[in-house]
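Chemist: Need a 3D model of the following:
(one chain, ligands or ions: 1)
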Amino acid sequence: MNILIIYGTTEGQSRKVAEFLQKEFESLHHKVTLSDANGTPPSPSGYDAVIIGASMHMERYQEPVLYYVREHHAALNKTTSAFYSVSLTAASDDETSWQELRHITEHFLTAGHWHPAVVEYVAGALRFTKYDFFKKFILRQIARRADPHSVSGEDKEYTNWDTLKLFVTKVVQRAAAAPVTVRPEESDFEAVC
Ligand SMILES: Cc1cc2nc3c(=O)[nH]c(=O)nc-3n(C[C@H](O)[C@H](O)[C@H](O)COP(=O)(O)O)c2cc1C
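Modeler: Down below sits the predicted model:
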């Protein structure tokens, strides 16, 4: 299969996830194109599955990801597509925080007119050593809620790589069960709302 992975990232964790997914798909002999949403990501045309990832910052996903989804939603909805969301909330056990995360994600998908076949919530990372004063202040509040055992000022990665292997299996199964490769003429002239 020919697979496209597009990611939005601010501190690099969503890129790390995208690179892990790329290796996993390649180990299953699929061809992968990896692209940063901040650059010039290719359209979904010619791909058998499209995976899009973004991370949560101040309860929002990266805007270039939303622009991409809006522009290409018709093609994304025709082929097998999946969304992975990276956040600290996904590392927490707090039901109220999870409800907020699901609500923000539903809002994002609705705004993009996108109906991915698979949505995966991925626990992100704390990178205190990379944050400026402002980010450190915000992250202390978020970390307290997401992981009461986190040590303020220490970096910590919560991403569960085994769960991501299952995500890869799910995407491959969905794409194999309903194979649709969007052709260029089908993805042109999509409405941008
Ligand atoms: C300034 C800032 C704001 C954040 N806001 C949220 C948030 O609202 N909800 C949440 O669950 N995680 C939040 N996080 C945690 C990030 O989602 C997490 O660190 C993730 O791994 C970042 O992914 P990235 O490196 O791909 O940008 C925030 C992180 C930073 C630095």
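
Chemist: and the residue of the chain found nearest the ligand, what does it touch?
Modeler: The ligand sits closest to Gly124 of the chain, with a gap of 2.2 Å, by Cβ to the nearest ligand atom. Placement of C-beta: from N, CA and C, glycine included. Residues in contact with Gly124 (Cβ atoms under 8 Å, 6 or more residues apart in numbering) are Gln13, Ser14, Ser55, Met56, Val86, Ser87, Leu88, Ala90, Ala91, Tyr158, Thr159.

Chemist: would you turn these into TSV with distance to Ala178?
Modeler: Below are those laid out as TSV (distance: Cβ to Cβ, whole Å):
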residue	distance to Ala178
Gln13	30
Ser14	26
Ser55	28
Met56	29
Val86	26
Ser87	29
Leu88	34
Ala90	27
Ala91	32
Tyr158	32
Thr159	29
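
Chemist: which residues touch Phe108?
Modeler: Ala54, Tyr61, Leu66.

Chemist: ok so it is a strand residue?
Modeler: No. Counting by DSSP: H, G, I helix; E, B strand; the rest coil, Phe108 is not found in a strand; it is helix.

Chemist: hang on, the earlier thing: among the contacts of Gly124, which one is most surrounded by other residues?
Modeler: Val86 (31 neighbours; other Cβ atoms under 10 Å).

Chemist: Pop out the phi and psi values for the residue of the chain closest to the ligand.
Modeler: phi -90, psi -140 (degrees, to the nearest 10).

Chemist: related to what we said a few turns ago, now, which of the contacts of Gly124 sits nearest Pro44?
Modeler: Ser14 (18.8 Å; Cβ to Cβ).

Chemist: That closest one contacts Ile6, correct?
Modeler: No. Between Ser14 and Ile6 there is no contact, the gap being 10.2 Å when judged by Cβ atoms under 8 Å.

Chemist: Which neighbours do the two have in common?
Modeler: Gly53.

Chemist: Helix, strand or coil: sort out the residue nearest to the spatial centre of the chain for me.
Modeler: When Cα atoms, centre = their mean is applied to the chain, the residue found nearest the centroid is Gly53 (1.8 Å). Secondary structure for Gly53, judged by three-state DSSP, is strand.

Chemist: Is it in contact with Ser87, as I believe?
Modeler: No. With contact defined as Cβ under 8 Å, Gly53 does not count as touching Ser87 (11.2 Å).

Chemist: Identify the contacts common to the two.
Modeler: Common neighbours of Gly53 and Ser87, using Cβ under 8 Å, 6+ apart, are Val122.

Chemist: Test of understanding: give the bridge partners of Val50.
Modeler: Leu4, Ser81 (DSSP bridges).

Chemist: What does the pLDDT read for it?
Modeler: Note for Val50: predicted pLDDT of 98.

Chemist: My guess is it contacts Lys78. True?
Modeler: No. Using Cβ under 8 Å, Val50 makes no contact with Lys78, being 10.2 Å away.
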